[in-house]
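Novice: Fold the stuff below for me.
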Amino acid sequence: MKAYQRLVDEFSRRIEEGVLLPGDRLPSVRSVSASRRVSPDTVLRAYRALEGSGMIRTRPRSGHYVDAHWRHSLREPPATRPAGASSHVNVRDLIFDLLASARSGSYTSFGSAYPGAELFPREKLAKAMHASARCLDPNSIYDCLPLGNQDLRHIISRRYLEAGCDVAPEEIIITSGALEALNLCLQALTRPGDVVAIECPAFYLALEAIERLGLKVVELPTHPRDGVSVPALAAALDRHPIKACWLMTNFQNPLGSLMPTDAKKDLVRLLARHDVALIEDDAYAELYFGKTRPAPAKAFDRGGRVLHCGSFSKCLAPGYRVGWAAPGRHVAEVERAKLTTTVATSIPAQAAVAEFVKHGGYNHHLRKLRGTLEANQLRMSAAIEAHFPAGTRVTTPTGGYFLWVVLPESVDALEVHRRALEEKISVAPGPLFSPRGKFENCLRLNYGLSWSPRLDDAMTTLGKIVSSLARSQLRAAA
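Specialist: Coordinates of the predicted model:
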């Protein structure tokens, strides 16, 4: 065997076995040449062969790295195939029972909907709160009702411009997080008995909001990479009196899917033809791993039918609960809904976020956060590959902080949840994300935590729980 081929086999084996993980740097050409007693050209030839196989990538003036998207034998889950009929939602009891069970104690929070507090600039935010509070004119407080802090709305308007959207400050309503924005939009558009189109699976608090308002849902097939199926939505619009759509086009929760730009354009055109509104939940928009922020569907809306909702909760200040809605032609209805519910969002919290975004290094913080999340995703994926049973499938999102894990069909995710709690580990079982309790063998796992050996240990324990359940089901079937 030629010398370069021996190197290819050696490093391929190390990558396959997980000795070298996605994102890890390979030894330098010089060090391999010296330790293996081969020429630098031989090492370079081996590295080129590994790059040709997709295992590694070369970064100019940096070195050679295991490809960030190398997933060994893990496969991506298929697109979901929900029933086409409209139905009522019945998830409230399950949501509150499961969330309450993990509320107390010191848990490893893989089931949390938020990134770890350690990833945010808490001290700088506190200073921004202090600085903004000292300068707050008491008479200006009333100017914030109910639309919100004027500086903050101008900041958000400028960031919309950067994302390719033309949204004036007067079209923005500051809310208590994105969830309030989404609820206000849904409340403004619908009446009890109306039909709303949603992704499958869908964010569980979206399901709870739909249930609370007495609405029906039509679930749409959704791909873990490319998001909701626009042709399926077109067919659903022909069959059902859909009043509105509630969709996440960027880094959908729980799948992490990202709709391609052309699909977003098709979506907006389709809804314009049917004169149906889109509530666009874009809470994870800033948490992309590529070079540019993906455009929202709002960027292609010319008729004001897209009610775009965003938040600083997922990317900057979870506890401050500052989000917003840009409801397009429905701004008056959403403003009235805001006025008759919470009147206004916390004025000091709005001022603090505005102060930080202007002067606190917001873009630097976002770049650091994105890098941390991308590295954590690779760590969690590698742990699943190492410790979960054969047949496990995992998504590979390009942003956000969730993995959707499809376990072998025999594994009950609710039982995984119960056993994990006994080990002080929380997970989000799949039935939370279905109006009818489907996805019984699925988990949503949060990798947006401050990674440590404790999290590695928790993933090992979780893998043992899943593997044990898979083995016991095999024995029972035999």
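
Novice: tell me the contacts of residue 106?
Specialist: Residues in contact with residue 106 (Cβ atoms under 8 Å, 6 or more residues apart in numbering) are residue 424. (C-beta placed from N, C-alpha, C; glycine too.)

Novice: any idea how far residue 120 is from it?
Specialist: The gap separating residue 106 from residue 120 is 20 Å, by Cβ to Cβ, to the nearest Å.

Novice: Equivalent analysis for residue 156, please.
Specialist: If you go by Cβ to Cβ, the gap between residue 156 and residue 120 works out to 19 Å.

Novice: more crowded one of these two?
Specialist: residue 156 (25 against 19; other Cβ atoms under 10 Å).

Novice: contacting residues for residue 447?
Specialist: Counted by Cβ under 8 Å, 6+ apart, residue 447 has contacts 110, 373, 376, 377, 379, 380, 401, 402, 403.

Novice: Return the member of those nearest to residue 284.
Specialist: Closest approach to residue 284 among those (Cβ to Cβ): residue 401, at 7.8 Å.

Novice: Average pLDDT for the helix or strand where residue 95 lies, rounded please.
Specialist: Assigned by DSSP states H and E, residue 95 falls within helix 92-101. Helix 92-101 comes out with an average pLDDT of 71.

Novice: Kindly report the same for stretch 24-39.
Specialist: For stretch 24-39, mean pLDDT rounds to 91.

Novice: Buried residues of it, list them for me.
Specialist: Using 16 or more other Cβ atoms under 10 Å as the test for burial, stretch 24-39 gives 24, 26, 27, 29, 32, 33, 36, 38.

Novice: Select from those every entry located in helices.
Specialist: Members of these lying in helices (criterion: DSSP state H): 29, 32, 33, 36.

Novice: List the residues that contact the residue nearest the centre of the chain.
Specialist: Centroid-nearest residue in the chain: residue 400, 3.7 Å away (criterion: Cα atoms, centre = their mean). Contact analysis of residue 400 by Cβ under 8 Å, 6+ apart lists 251, 253, 256, 284, 287, 373.

Novice: and which of these is nearest to residue 264?
Specialist: residue 251 (13.3 Å).

Novice: do you know how far that closest one is from residue 260?
Specialist: 13 Å.

Novice: Which parts of the stretch 101-250 of the chain are strands?
Specialist: With DSSP state E, counting those that start in this stretch as the criterion, the stretch 101-250 of the chain has strands at 108-109, 173-175, 195-200, 216-223, 227-228, 242-247.

Novice: coming back round to it: from the buried residues of stretch 24-39, pick the one nearest residue 94.
Specialist: Once Cβ to Cβ is applied, the member of the buried residues of stretch 24-39 that ends up nearest residue 94 is residue 24, at 39.9 Å.

Novice: Show me the contacts of residue 447 that map onto helices.
Specialist: Short answer: the contacts of residue 447 in helices (DSSP H) are 373, 376, 377, 379, 380.

Novice: Most neighbours of all those residues, which one?
Specialist: If you rank those by neighbour count (other Cβ under 10 Å), residue 377 sits at the top with 28 neighbours.

Novice: Surely it and residue 399 touch.
Specialist: No - contact criterion Cβ atoms under 8 Å: residue 377 and residue 399 do not qualify, at 9.5 Å.

Novice: Near the residue lying closest to residue 274 once chain neighbours are set aside, how many other residues are there?
Specialist: Spatially, and ignoring its direct neighbours in sequence, residue 274 is nearest to residue 237 (5.0 Å; Cβ to Cβ, 6 or more residues apart in numbering). Neighbour count for residue 237, taken as other Cβ under 10 Å: 18.

Novice: list the contacts for residue 237?
Specialist: Contacts of residue 237 (Cβ under 8 Å, 6+ apart): 197, 270, 274, 276.

Novice: and residue 286, how far is that from residue 129?
Specialist: 21 Å.

Novice: can you redo the contacts of residue 237 as a markdown table with pLDDT and secondary structure?
Specialist: As requested, those are exported to a markdown table (pLDDT from 0 to 100; DSSP: H, G, I helix; E, B strand; the rest coil):
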| residue | pLDDT | secondary structure |
| --- | --- | --- |
| 197 | 97 | strand |
| 270 | 98 | helix |
| 274 | 98 | helix |
| 276 | 98 | coil |
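
Novice: What subset of the residues you listed is buried?
Specialist: So, by 16+ other Cβ under 10 Å, the buried ones in those are 197, 270, 276.

Novice: Tell me what the first one is bridged to.
Specialist: This means residue 197. Beta-bridge partners for residue 197, by DSSP bridges, are residue 218, residue 245.

Novice: which residues sit in contact with it?
Specialist: The contact partners of residue 197, taken as Cβ under 8 Å, 6+ apart, are 217, 218, 220, 233, 236, 237, 240, 242, 244, 245, 246, 247.

Novice: tell me the contacts of the residue nearest to residue 39 when sequence neighbours are not counted?
Specialist: Nearest residue to residue 39, sequence neighbours excluded (Cβ to Cβ, 6+ apart): residue 33, at 6.4 Å. Contacts for residue 33 were tallied using Cβ under 8 Å, 6+ apart; they are 39, 40, 42, 43.

Novice: Counting neighbours, which of the residues you listed comes out on top?
Specialist: residue 43 (25 neighbours).

Novice: what's the distance between that residue and residue 266?
Specialist: For residue 43, the distance to residue 266 equals 48 Å [Cβ to Cβ].

Novice: And residue 155, by the same measure?
Specialist: For residue 155, the distance to residue 266 - Cβ to Cβ - is 31 Å.

Novice: Equivalent analysis for residue 274, please.
Specialist: 13 Å.

Novice: the domain parsing of this protein - what is it?
Specialist: Following the assignment in automatic domain parsing, the chain carries domains at 3-66, 87-91+120-359, 364-477.

Novice: Mind putting those into CSV with distance to residue 81?
Specialist: CSV is the format used below for the domains of the chain (distance: least, Cβ to Cβ, whole Å):
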stretch, distance to residue 81
domain 3-66, 29
domain 87-91+120-359, 6
domain 364-477, 10
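
Novice: Comparing those by mean pLDDT, which bottoms out?
Specialist: domain 3-66 (a mean of 85).

Novice: end to end, how far does that one reach?
Specialist: 21 Å (Cα to Cα, to the nearest Å).

Novice: hmm, back to that, looking at the ones in helices among the buried residues of stretch 24-39, which is nearest residue 449?
Specialist: Taking Cβ to Cβ as the measure, residue 449 sits nearest to residue 32 out of those, at 34.5 Å.

Novice: quick one: which of residue 286 and residue 129 has more around it?
Specialist: For residue 286 versus residue 129, neighbours defined as other Cβ under 10 Å are more numerous around residue 286 (24 against 19).

Novice: Please tell me how far the nearest residue to that one once chain neighbours are set aside sits from residue 282.
Specialist: Using Cβ to Cβ, 6+ apart and skipping residues adjacent in sequence, the residue nearest residue 286 is residue 315, 4.3 Å away. Computed as Cβ to Cβ, the residue 315 to residue 282 distance reads 11 Å.

Novice: follow-up on the earlier one: max pairwise distance over the contacts of residue 197: which two?
Specialist: 240 and 247 (15.5 Å).

Novice: Touching, residue 244 and residue 279? I think so.
Specialist: Yes - in this structure residue 244 lies within contact range of residue 279 using Cβ under 8 Å: 6.0 Å.

Novice: which neighbours do the two share?
Specialist: Shared contacts of residue 244 and residue 279, defined by Cβ under 8 Å, 6+ apart, comprise 186, 189.

Novice: With that, I have no additional questions.
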